[in-house]
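*Asks:* Sharing a sequence plus its predicted fold:
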2 protein chains.
Amino acid sequence: MAGRTPVRIPPPHSRAPENPAPACAPGKVALLRSACSTCNLRELCLPCCNLTRAELELANRLAFNRTHIRRGESLFRTDDRFTSLYAVRKGFFKSAVLLRDGRRDQVTGFSMAGEVLGMDGIDTARHTCNAIALEDSDVCAIPFAGLQKLARDIPSLQRQFQRMMSREIVREQGVLLLLSQMTADERLAVFLLNLSQRFAAHGGSPSKFNLRMTREEIGSYLGLSLETVSRTLSKLREEELIGVQQKFIRILDHAGLKRLIGR
Amino acid sequence: MAGRTPVRIPPPHSRAPENPAPACAPGKVALLRSACSTCNLRELCLPCCNLTRAELELANRLAFNRTHIRRGESLFRTDDRFTSLYAVRKGFFKSAVLLRDGRRDQVTGFSMAGEVLGMDGIDTARHTCNAIALEDSDVCAIPFAGLQKLARDIPSLQRQFQRMMSREIVREQGVLLLLSQMTADERLAVFLLNLSQRFAAHGGSPSKFNLRMTREEIGSYLGLSLETVSRTLSKLREEELIGVQQKFIRILDHAGLKRLIGR
DNA sequence: CGCGCCTTTGAAGGAGCTCAATTTAGGTGG
DNA sequence: CCACCTAAATTGAGCTCCTTCAAAGGCGCG
């Protein structure tokens, strides 16, 4: 649902390092940044281009609709009317769809602070998955109609938005590779390295972090049973590539994990 | 890369039936349609809204850049500079990425007439996969810069474009489900039903068609070995759900295939 | 403190993979 | 027109990795 992917390796999520947003013209953007200062969504909200003061005001108002979501609650559910994109400011979400049988559900992605949720709803104007908070979270609701209108006047915003969607398409292709070709070891290695990278991208530690999701949710996402996830984590620990204590993970041998993936 | 997905079932490709493009105002659109009369890309090219004559002229010029691609040749390759989207007018393409080892490649999608290719390149301005013609094909290159400029003036085009990208995101989620949860039988059933639907959507027969790709390419796409694809097709034939003669497929029991998928 | 959920670990079974041999189709040249 | 050649498809056999079923241990929360 949200997240980032580099071009070559197929990780579940990660930032594409190419084409960083152009450097900000500091004076003009300062105003907006102060409004969204704690929001990591600069990429979308702050195209960092030649915005007029009026445009900035507009953008500022646009992104100001903040909400708190408690752990276990849903941000939106399948078939909900699509009205906004959601920038995660704090917390952690899973996206999942109900399977045909209706009992189990399939996790399609995880979203953390600085990432955008809800793009699935643009096509049909209804969401196609449930977005559920895995911990107490804050989101910034971005009214889609307003975003569109604004984007019409600010070409760079328009462009950023399209890039974000394209990146999501490429990300999912990465997951596709992951699911169709990799062994359990490789999947977990990719998963952990990607999480590490994303936590680091938003001020966390790349080598120590708490998993917000259960083994079952990891398994659902990676196409493995929860037992296989657990066993594989234990195996990686025995090989001293990682440390595992329940949900607390330490990356002990970053290079070793990369080697495991195959390059 | 291109293709369509309904919301619930997770097929590799299919059209979302909801939210059809609004009915055309026949008089105004006739002009454009004649220019792109044989092009099935009305959804993108012809937003069917209140276009001025000048806008129509512009759109007309925009989509006029047609090319022939011979079987086996590539429309674009990984890392190629991204300049255009491609509407398939005739023929059949596969999209694939080279795997890390560099030897095998992973098929990420198939595109047929009436579908759009190349959205992967929007983010980084370079393509992330190879698009290769599986038969002699015609495409309509849509310069992206021009499309963007045009979309700025025609909100409905803008909207159509975003919906197309969103649909691609949802489609890939469907493939994700397919790969992580389904058995070989189910994958093939989904694959064949989806092809059937898409061929039918563009004037072909829903019950008889020639596969354009090899068993290996199907397997790569579905996350199965080519042997398993072959074996599974034979099994479906024994159960009299389909007819198989090499690449020629007949759907004998549409309902039976659907039942196989699980609803 | 006890209950429920999550996790870990073991053992058995199965779906699909790999390796290998054979058949078929389609294209090429004599 | 036929023989040949190569690529694709089919089918078999054994094996492997992962799943399922089962049981026990750990952590957090009321």
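*Replies:* Cool, got the structure. Because the structure is predicted, anything quoted here is derived from the model rather than measured.
*Asks:* Would you map the helices across the stretch 1-150 of chain A?
*Replies:* For the stretch 1-150 of chain A, applying DSSP state H, counting those that start in this stretch gives helices covering A:26-35, A:42-45, A:53-62, A:144-153.
*Asks:* again with the stretch 151-263 of chain A
*Replies:* A:155-181, A:184-201, A:215-222, A:226-238, A:254-261.
*Asks:* tell me the mean pLDDT over the second one?
*Replies:* If I follow you right, that is helix A:184-201. What helix A:184-201 shows for mean pLDDT is 94.
*Asks:* how about the closest residue to A:L224 other than its chain neighbours, what does it touch?
*Replies:* Distances taken as Cβ to Cβ, 6 or more residues apart in numbering or on different chains put A:A184 closest to A:L224, at 5.6 Å, once the chain neighbours are dropped. Glycine gets a C-beta too; all of them are placed from N, C-alpha and C. A:A184 is in contact with A:L222, A:L224, A:T228, A:V229, A:T232, counting by Cβ atoms under 8 Å, 6 or more residues apart in numbering or on different chains.
*Asks:* Enumerate the residues of chain A near DNA strand D.
*Replies:* Proximity of chain A to DNA strand D is confined to A:T183, A:A184, A:D185, A:G219, A:G223, A:L224, A:S225, A:E227, A:T228, A:R231, A:Q245, A:Q246 under the rule Cβ under 7 Å from any atom of the strand.
*Asks:* one step back: could you export the helices of the stretch 151-263 of chain A as JSON lines, including distance to A:V97?
*Replies:* Listed next are the helices of the stretch 151-263 of chain A as JSON lines, based on distance: least, Cβ to Cβ, whole Å:
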{"stretch": "helix A:155-181", "distance to A:V97": "13"}
{"stretch": "helix A:184-201", "distance to A:V97": "19"}
{"stretch": "helix A:215-222", "distance to A:V97": "10"}
{"stretch": "helix A:226-238", "distance to A:V97": "18"}
{"stretch": "helix A:254-261", "distance to A:V97": "27"}
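*Asks:* Nearest to B:R163, out of the ones you listed?
*Replies:* Minimum separation from B:R163 across those (Cβ to Cβ) falls at helix A:155-181, 10.6 Å.
*Asks:* and the angle from that closest one to helix B:215-222?
*Replies:* 120 degrees (axes from the mean of the first three to the mean of the last three Cα atoms, to 10 degrees).
*Asks:* pLDDT (mean, whole number) over helix A:155-181?
*Replies:* 87.
*Asks:* Buried ones in it, by neighbour count?
*Replies:* Applying a neighbour-count criterion of 16 or more other Cβ atoms under 10 Å in any protein chain shown, one finds A:156-158, A:160-181 buried in helix A:155-181.
*Asks:* Okay, A:Q246 and DNA strand C: tell me how far apart.
*Replies:* 5 Å (Cβ to the nearest atom of the strand, to the nearest Å).
*Asks:* OK, contacts around that residue?
*Replies:* Here A:Q246 is in contact with no residue (Cβ under 8 Å, 6+ apart).
*Asks:* Now the closest residue to DNA strand D within chain A: closest residue in space, sequence neighbours ignored.
*Replies:* Taking Cβ to the nearest atom of the strand as the measure, chain A has A:T228 as its residue closest to DNA strand D, at 3.0 Å. Of all residues not flanking A:T228 in the chain, A:A184 sits nearest, at 5.3 Å (Cβ to Cβ, 6+ apart).
*Asks:* Equivalent analysis for A:A133, please.
*Replies:* Nearest to A:A133 is A:I69, by Cβ to Cβ, 6+ apart, at 4.4 Å.
*Asks:* State the distance from A:A87 to DNA strand C.
*Replies:* On the measure of Cβ to the nearest atom of the strand, A:A87 and DNA strand C end up 27 Å apart.
*Asks:* Ok, A:G118 next?
*Replies:* A:G118 is 25 Å from DNA strand C, by Cβ to the nearest atom of the strand.
*Asks:* give me the number of residues near the closest residue to that residue other than its chain neighbours?
*Replies:* With sequence-adjacent residues excluded and distances taken as Cβ to Cβ, 6+ apart, A:G118 is closest to A:L85, at 4.7 Å. A:L85 has 23 neighbours, counted by other Cβ atoms under 10 Å in any protein chain shown.
*Asks:* From chain B, how far out is A:L85?
*Replies:* 11 Å (Cβ to the nearest Cβ, to the nearest Å).
*Asks:* May I have the residues that are in contact with that residue?
*Replies:* Here A:L85 is in contact with A:L44, A:V116, A:L117, A:G118, A:M119, A:A141, A:I142, A:F144, A:L147 (Cβ under 8 Å, 6+ apart).
*Asks:* again, only this time at 10 Å
*Replies:* Applying Cβ atoms under 10 Å, 6 or more residues apart in numbering or on different chains to A:L85 gives the contacts A:2, A:41, A:44, A:116-119, A:121-122, A:139-144, A:147, A:161, A:164.
*Asks:* How about A:T232?
*Replies:* Counted by Cβ under 10 Å, 6+ apart, A:T232 has contacts A:183-189, A:191, A:215, A:218-219, A:222, A:224.
*Asks:* change it to 6 Å
*Replies:* A:A184, A:D185, A:L188 (Cβ atoms under 6 Å, 6 or more residues apart in numbering or on different chains).
*Asks:* and the gap between it and DNA strand C?
*Replies:* 9 Å.
*Asks:* Give me the distance between the two termini of stretch A:208-225.
*Replies:* 24 Å (Cα to Cα, to the nearest Å).
*Asks:* Tell me which residues of it come out buried.
*Replies:* Those would be A:209, A:211-213, A:215, A:217-224, for stretch A:208-225 by 16+ other Cβ under 10 Å.
*Asks:* Please list which of the residues you listed also come close to DNA strand C.
*Replies:* A:L211, A:R215.
*Asks:* So A:S166 sits against B:A125, correct?
*Replies:* No - contact criterion Cβ atoms under 6 Å: A:S166 and B:A125 do not qualify, at 9.7 Å.
*Asks:* Okay, and the beta partners of the nearest residue to A:Q181 once chain neighbours are set aside?
*Replies:* Leaving aside its sequence neighbours, A:Q181 sits nearest to B:Q106 (Cβ to Cβ, 6+ apart; 6.2 Å). Taking DSSP bridges as the rule, B:Q106 bridges to B:V97.
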